[in-house]
Structures are given as structure tokens and as C-alpha cells.
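A.B. asks: My questions are about this predicted structure, shown below with the sequence.
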Amino acid sequence: ASEGKGDWFAGCVPLACLGRDENLRQVLQMLFWLGMGRDLSGRQALPTSTSGWAKDMELRVVKLFGPQPEELPLKALDEEVFEDMGQGPFDVVAVTDKPERAHALISSLKWPLRLRLLQPPPSGRPWRYRWFDTERYLLSYVTRLRKSGMGQRLVIYADAFDSAFLSCKRDLNKALEELRRPIFFGVEFDLYPAGLFGYPPAAAGSHATARRYLTKATKTCRDVHFVPLIWEPREYTGDDEPCLAMSEVGGLASSGHESPQPVAAEYLNGGFYGGKAADLEVALRKLLHLQGRLPEVNSRGEAFQNNGKTHQYLWNQYLIEHPEQVALDYGGSFVVNLARRSISPRQFGTDKETGEMKSVLFQKAV
């Protein structure tokens, strides 16, 4: 179906089929046979005659999210996180059951910023973190902000274990305005986990279509060539305006697949995101409503409902279905990634004129 190659058709299937590729193929095989299946003579084909096609067909997902969901029960939060509400230009939050491992993030935030650690009240601790607890506790936090008249406050979530604040002087509220969307996510250079078992890719061209909603991000941040080992000063788009980051030529994507050509950073990373509190509340309610309807395990017996891959997958699909609400941080105004096989440390350098540390791929001071 992608790029006009081959035959294709669309069908509505139960959400419970997600994570169960074999069942999904069986349902689609039956739908195809009932609605479109014909043999070479033009006669209605038997279901068995379409089994070979069903086995080899490429699964794609167009839409997962439905209408506005019902109210969700809120997780109780330690009241300490609400002290000095509104302090600083924005809020930085994290969710973890091991605060001692968040030392890099906690110690790097300087007053008036501080890390607001979202966790249960003392009576509910110790506790054990599960996937999507981030969204559950964050929903409680942003709902409280909205009810307190702070629905337009910028809230930034960061993974607790592997993030640090680099004391960038950029106006992040202005950077969000430049994205022209109330919610943003960090970027990756490949689509993960779509294409793995239980996670069909989105319809072809979905991410590029979502990017076109943000016309400023069609300009690349830099000329595409091999990234030098040292910083090379050159013109860049500015500290606030978005641009489209391109991977280094011959670099590795986070999936481990090596691309001989530079790849656009148009995919979502669920480890760093943020936005206006009231808009985050709406998105979180939709995501958690859908997540709660997924099967607990896939057909291989592996955890599916509470799984890191499912977390990234659902947010990626939310971006595709709501491009008017969500933008990716294409130009690295909020976050740059130091992870191996994504953006390596050697892609940073010091500007000899200003002494600032800069990202080569994003052409931004960090």
C-alpha cells in the first residue's frame, strides 16, 4: 500500500488485536474476503485462498485514538510538590521510585528552578514504578495546576535517571510559542518500536505529514555532511526558531540500523516532553484511557499494556493523529540527546568566539 505499490484496503478491527499480530491478520483476512476478496476469474474467493496474502501483507495503523474519554481517577500526590506553585519560569517534573538515582537532574537545576518529584504521599511509600506511572502522576499534577488557575503554565517532564539541565539561557516559553503547538516532545532519528511484533507502523508518510503542520521546521538546521570532530562556526537559525535536525552521514539510528544517508529527526522520543498544563491534561487523559483498554500481554505472553515500547508507540500515534496539538522539538530548543546511536557526545563543540557549548546537528547553544 505504501507509495502506491501493491493493493491495499482499510478495516476497523478491535483494539484488543493490537499486540496480537496473528489475530490481527486473521481478522483482516476475513474482512478482505467479505468485502473485496476475488480470485483471478472475478469470482468471490474462499477464505483459505486469501491466507497466503494475509501471511505476507504489511500491517499499518491509521488511527487508534477515539473521542473524548471518560474521567479517570487521579493518583494521590505528595503535597510537597505543590509548594511554591508558580515559582520560576516553568516547572520541571520527574517520576521515579528511586529519587537517589535522579541526582544529576536534581543537582543541575538551580533556583528558581527545582525538580518537582511526582510520587505518592509518604503513607503510600515505598512504591514500585510501572510504565505509564509517569502519565498517571503527571495527570494529577497538571489537573491540580489547571484547577488552581495555572492551566497555561509550562510543565516539562524529563526522565529521572538520564537527564540533566545544562543551564541554557534560552526562553523556553518563547520556544514553545515558536513551535505553535501547546505540547512538544523530544526527537529521534528513527521510528521505534513500530515494525516490531505487535506494533504495526503508521500509515506511510504520517510523520512527514505531521511535520508539514509546522512549516518553519522544513528548513534543515545545518548543511548535511559528515559531522566534524570539532565545532565549526556557521550560520544557524537562532535560539528559539525550530528547524529540522538531520543525522550525521553514516551515523547509527537508535534502532541500531545504519543508514547510508542522513535521516530527518521527525520521530518522537517519549523520555522528554512538556507543554501547557491544561493541554497536557487533555492529552494524558486520552492516552491513559486508550492504554487501559489494551491487552495486558501480547500473543507471545510478553507484557504489552505496561511496556516501554507501548509507551513510545502510543505517544507516536498520538502525535500523528493530533498534529494540531503536538509538535516535535525538531530543532533542539528544549532537549538534545546524548544517547549512543542517537546523538553522540562528539557531535558537540565549543564556539571559540563565545565559549558556549553548541550542538552541531541542531546548530544551537546548549
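C.D. replies: Nice, thanks for sending it over.

A.B. asks: rest of the way, CA atoms for contacts and neighbours
C.D. replies: Noted.

A.B. asks: and for the longest strand seen in the chain, what are the contacting residues?
C.D. replies: Counting residues, the longest strand found in the chain (DSSP state E) is strand 267-276. The contact list for strand 267-276 (C-alpha atoms under 8 Å, 6 or more residues apart in numbering) reads 151-159, 176, 182-191, 207, 280, 311-312, 315-316, 328, 335.

A.B. asks: can you rerun that using 7 Å?
C.D. replies: With C-alpha atoms under 7 Å, 6 or more residues apart in numbering as the test, strand 267-276 has contacts from 151-159, 182-191, 207, 312, 315-316, 328.

A.B. asks: Tabulate the CA atom coordinates of stretch 347-355 in CSV.
C.D. replies: This file holds the C-alpha atoms of stretch 347-355, laid out as CSV (Å, rounded to 0.1, in the frame of the first residue of the first chain):
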residue,chain,number,x,y,z
GLN,A,347,28.6,16.0,17.9
PHE,A,348,29.0,18.9,20.4
GLY,A,349,31.7,21.5,20.5
THR,A,350,32.7,24.9,21.9
ASP,A,351,32.2,28.1,20.0
LYS,A,352,35.7,29.7,20.1
GLU,A,353,34.2,33.2,19.9
THR,A,354,31.6,32.9,22.7
GLY,A,355,32.9,29.9,24.7
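
A.B. asks: Might you calculate how far that stretch sits from the centre of the chain?
C.D. replies: The offset between the C-alpha centroid of stretch 347-355 and the centroid of the whole chain comes to 29 Å, using C-alpha atoms, centre = their mean, to the nearest Å.

A.B. asks: which stretches of the stretch 251-366 of the chain form strands?
C.D. replies: Here the stretch 251-366 of the chain has its strands, by DSSP state E, counting those that start in this stretch, at 267-276, 326-328, 348-350, 357-359, 364-365.

A.B. asks: which one of those strands lies closest to Pro126?
C.D. replies: strand 267-276 (23.4 Å; C-alpha to C-alpha).

A.B. asks: and the closest one, which strands flank it?
C.D. replies: In the sheet, strand 267-276 lines up against strand 154-158 (antiparallel), strand 183-188 (antiparallel) (DSSP bridges).

A.B. asks: which element follows the longest one toward the C-terminus?
C.D. replies: So that's strand 183-188. Of the helices and strands lying after strand 183-188 in sequence (DSSP states H and E), the nearest is helix 206-212.

A.B. asks: So which residues lie in contact with that following helix, not counting its own?
C.D. replies: The contact list for helix 206-212 (C-alpha under 7 Å, 6+ apart) reads Glu266, Tyr267, Ile320, Pro323.

A.B. asks: before we move on, back to that, could you identify which of the strands paired with strand 267-276 is most buried?
C.D. replies: strand 183-188 (a mean of 26; mean count of other C-alpha atoms under 10 Å).

A.B. asks: Restrict it to CA atoms and write it as CSV.
C.D. replies: What follows is strand 183-188, C-alpha atoms only, in CSV (Å, rounded to 0.1, in the frame of the first residue of the first chain):
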residue,chain,number,x,y,z
ILE,A,183,2.7,20.3,23.6
PHE,A,184,6.1,19.2,22.4
PHE,A,185,8.3,16.1,22.5
GLY,A,186,12.0,15.4,22.0
VAL,A,187,13.0,13.9,18.7
GLU,A,188,14.6,10.7,17.4
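
A.B. asks: now the contacts of helix 206-212 as JSON lines including pLDDT and neighbour count?
C.D. replies: Formatted as JSON lines, those follow (pLDDT from 0 to 100; neighbours: other C-alpha atoms under 10 Å):
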{"residue": "Glu266", "pLDDT": "84", "neighbour count": "24"}
{"residue": "Tyr267", "pLDDT": "87", "neighbour count": "24"}
{"residue": "Ile320", "pLDDT": "92", "neighbour count": "25"}
{"residue": "Pro323", "pLDDT": "90", "neighbour count": "20"}
